[in-house]
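In: What shape does this take:
(one chain, ligands or ions: 1)
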Amino acid sequence: MELMFDTANLDNIRYFNGIFPYVGITSNPSILKKEGKRDLVHHFKEIQSIIGGERSLHIQLTAGTSEKMIEEAYKITEKLGKEVYIKIPINEEGLKAIKQLKQDHFKITATAIYTMAQGDYAIMAGADYLAPYYNRMENTNINAENVISHFADRIEVGGYQTKILAASFKNIGQVMKAFNCGAHCATVDPMLLGDSLKLPFIETAVSDFKKDWEAVYGQGNTFL
Ligand code: E4P
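Out: Purely as a prediction, here's the structure:
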């Protein structure tokens, strides 16, 4: 069970970096749009400096043809390092690009996955991560739990190395369900993770314990 942050917002990454155990950052063009136009090499280098070398960075390609995708992947890794995971949507062009990029030893995160078939193709193509879109599947009346369980079974039975990186979450319940279905990892907006801890009964429990402690040992005192 692992978490990634689905954001490119530097303030949020800095803030939540010290709070949640997370193993990487994912982004896509819509996430980048929220940050406004900027020097993306500089921006991603900044992200790399915050998250450190142990965590992974997943950057989505924008090109529409496999040839251009391959070029784009080379440019990204030239500037940001071979360790960057290249996110590629699973359509015909994307699969074609993955075939070549895997031969060239790139790390691949297959994305925009809504169906069992798409994910199976990505697993067979050797994708390192597979990103099924939980909330978007639900919006499309596709059973996200069935799709993720299907991938988990396929990976286990076939002995594949691909990890399920569930994505597209709108609430923490969806994240928990994705883990229950066998997702190895979930990429989530860290603000949503933060909100999952801001529950009144958690605050009440913490303040009740504080009151009881202070009633006996005095305000501001700790165990030692
Ligand atoms: C991450 O890899 C995905 O691109 C992202 O989670 C999609 O989220 P959305 O459905 O909120 O756009």
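In: So which bits of the lengthiest helix in the chain are buried?
Out: Determined from DSSP state H, the single longest helix within the chain is helix 200-217. Neighbour counts over helix 200-217 (16 or more other CB atoms under 10 Å) mark no residue as buried. To be clear about C-beta, it is placed using only N, CA and C from the backbone, and glycine gets the same treatment.
In: do the same with stretch 75-82
Out: Here stretch 75-82 shows I76, T77, L80 as buried, counting by 16+ other CB under 10 Å.
In: related to what we said a few turns ago, convert the C-alpha atoms of the longest helix of the chain to PDB, please.
Out: Extracted in PDB, the C-alpha atoms of helix 200-217 (Å, rounded to 0.1, in the frame of the first residue of the first chain):
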ATOM      1  CA  PRO A 200     -14.400  16.800  14.000                       C
ATOM      2  CA  PHE A 201     -14.400  13.600  16.000                       C
ATOM      3  CA  ILE A 202     -10.600  13.300  15.600                       C
ATOM      4  CA  GLU A 203     -10.200  16.800  17.000                       C
ATOM      5  CA  THR A 204     -12.600  16.000  19.800                       C
ATOM      6  CA  ALA A 205     -10.700  12.900  20.800                       C
ATOM      7  CA  VAL A 206      -7.400  14.800  20.800                       C
ATOM      8  CA  SER A 207      -8.700  17.700  22.800                       C
ATOM      9  CA  ASP A 208     -10.500  15.400  25.400                       C
ATOM     10  CA  PHE A 209      -7.200  13.500  25.900                       C
ATOM     11  CA  LYS A 210      -5.400  16.900  26.400                       C
ATOM     12  CA  LYS A 211      -8.000  18.100  28.900                       C
ATOM     13  CA  ASP A 212      -7.800  14.800  31.000                       C
ATOM     14  CA  TRP A 213      -4.000  14.900  30.900                       C
ATOM     15  CA  GLU A 214      -3.800  18.500  32.000                       C
ATOM     16  CA  ALA A 215      -6.400  18.000  34.700                       C
ATOM     17  CA  VAL A 216      -3.900  15.700  36.500                       C
ATOM     18  CA  TYR A 217      -0.400  16.800  35.300                       C
END
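In: Return the closest of the buried residues of stretch 75-82 with respect to the ligand.
Out: I76 (15.5 Å; CB to the nearest ligand atom).
In: Then the closest one would be within a helix, right?
Out: Yes: assignment of I76 by DSSP: H, G, I helix; E, B strand; the rest coil places it within a helix.
In: What distance do you get for it to P89?
Out: Going from I76 to P89 by CB to CB, to the nearest Å gives 15 Å.
In: what do you get for T187?
Out: 15 Å.
In: okay, these two: which has more neighbours?
Out: T187 (27 against 19; other CB atoms under 10 Å).
In: Just the terminal-to-terminal distance for stretch 80-99.
Out: 22 Å (CA to CA, to the nearest Å).
In: Can you give me the buried ones in it?
Out: 80, 84-90, 93-98.
In: Same list (the buried residues of stretch 75-82) but as JSON lines, adding distance to A166 and pLDDT.
Out: Formatted as JSON lines, the buried residues of stretch 75-82 follow (distance: CB to CB, whole Å; pLDDT from 0 to 100):
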{"residue": "I76", "distance to A166": "23", "pLDDT": "98"}
{"residue": "T77", "distance to A166": "25", "pLDDT": "98"}
{"residue": "L80", "distance to A166": "24", "pLDDT": "98"}
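In: Dump those into a markdown table; add distance to L130 as well.
Out: Formatted as a markdown table, the buried residues of stretch 75-82 follow (distance: CB to CB, whole Å):
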| residue | distance to L130 |
| --- | --- |
| I76 | 20 |
| T77 | 20 |
| L80 | 22 |
